[in-house]
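# kindly generate the corresponding structure for this input.
(one chain, ligands or ions: 2)
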Amino acid sequence: MGIDLSGRHCVVVGGGTVAERRIETLLRSGAKVSVMSPALTTTLTESLDQFHYIDTAYSEDRFTIEFLQKGRGEVSSNRPYLVLAATNSTTVNERVHAQVKDVVPLINIASNQKLSSFHFPAVVERGPLHIGVTTSGLSPLLGKRICEQLSTIYGEEYALFLQRLGQLREEAYKEAGNPKEVRQLLKAVVENDDILEYYRKNDLSKAETLIKDALRIVHK
Ligand SMILES: C[C@@]1(CC(=O)O)c2cc3[nH]c(cc4nc(cc5[nH]c(cc(n2)[C@H]1CCC(=O)O)[C@@](C)(CC(=O)O)[C@@H]5CCC(=O)O)C(CC(=O)O)=C4CCC(=O)O)c(CCC(=O)O)c3CC(=O)O
Ligand SMILES: NC(=O)C1=CN([C@@H]2O[C@H](COP(=O)(O)OP(=O)(O)OC[C@H]3O[C@@H](n4cnc5c(N)ncnc54)[C@H](O)[C@@H]3O)[C@@H](O)[C@H]2O)C=CC1
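Ligands and ions are numbered 1, 2, ... in the order given. You can find the predicted model right below:
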């Protein structure tokens with residue numbers, strides 16, 4: 001989604017297969033997750049230590065008590081940043097939407113795209129590299145297939161390579177006075193397919209030699 005959710009409170013109503021997949025996405029983003037649902041999938045039941053579980057069906061009152069209640073003139077300290085309604089009842093999902101639409105920044109209603117303020121893309125993850133594909137709601141399955149195809153092009157080597165690039169970039173900006181020079185260095189490394197090939201073969205020392213060569217050329 002490209003949004004920093006670390007430490008943010010995200011509330012999911014419903015605990016079925018769609019909720020399960022998206023709770024996993026939210027937890028991977030470092031969010032603090034609460035789930036309100038009378039039942040959970042087996043996988044969710046096995047990971048109860050990772051989120052706060054409220055074992056009840058949605059009702060407006062209960063939702064208010066748990067998440068929106070506040071003192072006079074105050075905003076609830078437990079107010080969610082994101083709400084996902086993923087029950088199998090479109091009526092319940094729409095009631096959740098009506099309750100939170102004016103008080104919660106990010107809302108996703110699994111059964112109704114038009115009511116959602118953002119959409120979950122299909123994602124390929126390689127460590128810090130996240131490639132998200134959206135089909136603008138037309139065919140999530142095509143998005144998923146495109147990700148499968150992308151995952152054969154962008155292999156695990158990208159995780160390590162990207163981590164090294166991040167380091168290199170930080171060091172280069174710290175050490176070099178000239179941003180143009182840094183850009184030239186980064187471009188030389190990013191566009192050198194041999195470096196990536198060494199990462200693919202897990203030959204990190206050869207990759208590092210090529211990176212050092214690039215540093216030397218740019219600093220000449
Ligand atoms: C708008 C959006 C929700 C949003 O707002 O975020 C949305 C909406 C809906 N999906 C429906 C059905 C299915 N969705 C999937 C799968 C995924 N759906 C995902 C995203 C999104 N789905 C958003 C748009 C993304 C985009 O633009 O591309 C993925 C990418 C990410 C994720 O869900 O985490 C994940 C694949 C990733 C993966 O697994 O890797 C499958 C296939 C499967 O389950 O294997 C099916 C059954 C086949 C079919 O119908 O195509 C229905 C009808 C429900 C009904 O009424 O029964 C609606 C409602 C509607 O269309 O209104
Ligand atoms: N990727 C997507 O966006 C997709 C979206 N959908 C939509 O998402 C909805 C959910 O799909 P699934 O997870 O497959 O359904 P599911 O049947 O697996 O799960 C539904 C969950 O909602 C809970 N629930 C039911 N009534 C509730 C209430 N009053 N309060 C709180 N929780 C309640 C149930 O206990 C269950 O955990 C579907 O109705 C459909 O509209 C469906 C498929 C894919």
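
# T25: how many residues sit nearby?
Using other Cβ atoms under 10 Å, T25 has 17 neighbouring residues. The C-beta positions use only the backbone N, C-alpha and C, and glycine is treated the same way.

# that one reaches F120, doesn't it?
Yes. Between T25 and F120 there is a contact at 6.6 Å, judged by Cβ atoms under 8 Å.

# so what sits against both of those two?
Here T25 and F120 share no contacting residue, scored by Cβ atoms under 8 Å, 6 or more residues apart in numbering.

# quick check: C10 touching K32?
Yes. Using Cβ under 8 Å, C10 is in contact with K32, at 6.9 Å.

# ok, the two, which is more surrounded?
Neighbours were counted for C10 and for K32 using other Cβ under 10 Å; C10 has more, 25 against 19.

# and the host helix or strand of that one, which strands flank it?
In the assignment (DSSP states H and E), C10 maps to strand 9-13. If you go by DSSP bridges, strand 9-13 pairs up with strand 32-36 (parallel), strand 82-85 (parallel).

# now the helices for this structure?
17-28, 42-46, 60-63, 90-100, 140-153, 157-175, 179-190, 193-200, 204-219 (DSSP state H).

# which of the ones you listed has the lowest average pLDDT?
Out of the helices of the chain, helix 204-219 stands lowest, with a mean of 86 (criterion: mean pLDDT).

# neighbouring contacts of that helix?
Residues contacting helix 204-219 (Cβ under 8 Å, 6+ apart): 160-161, 164, 168, 176, 181, 184-185, 188-189, 192, 194-195, 198-199.

# among the residues you listed, which ones are buried?
Among the contacts of helix 204-219, those scoring as buried are 160-161, 164, 168, 176, 184-185, 188-189, 192, 195, 198-199 (criterion: 16 or more other Cβ atoms under 10 Å).

# is it possible to get JSON lines of the strands paired with strand 9-13 that adds mean pLDDT and distance to D102?
Listed next are those as JSON lines, based on pLDDT from 0 to 100; distance: least, Cβ to Cβ, whole Å:
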{"stretch": "strand 32-36", "mean pLDDT": "98", "distance to D102": "19"}
{"stretch": "strand 82-85", "mean pLDDT": "98", "distance to D102": "12"}
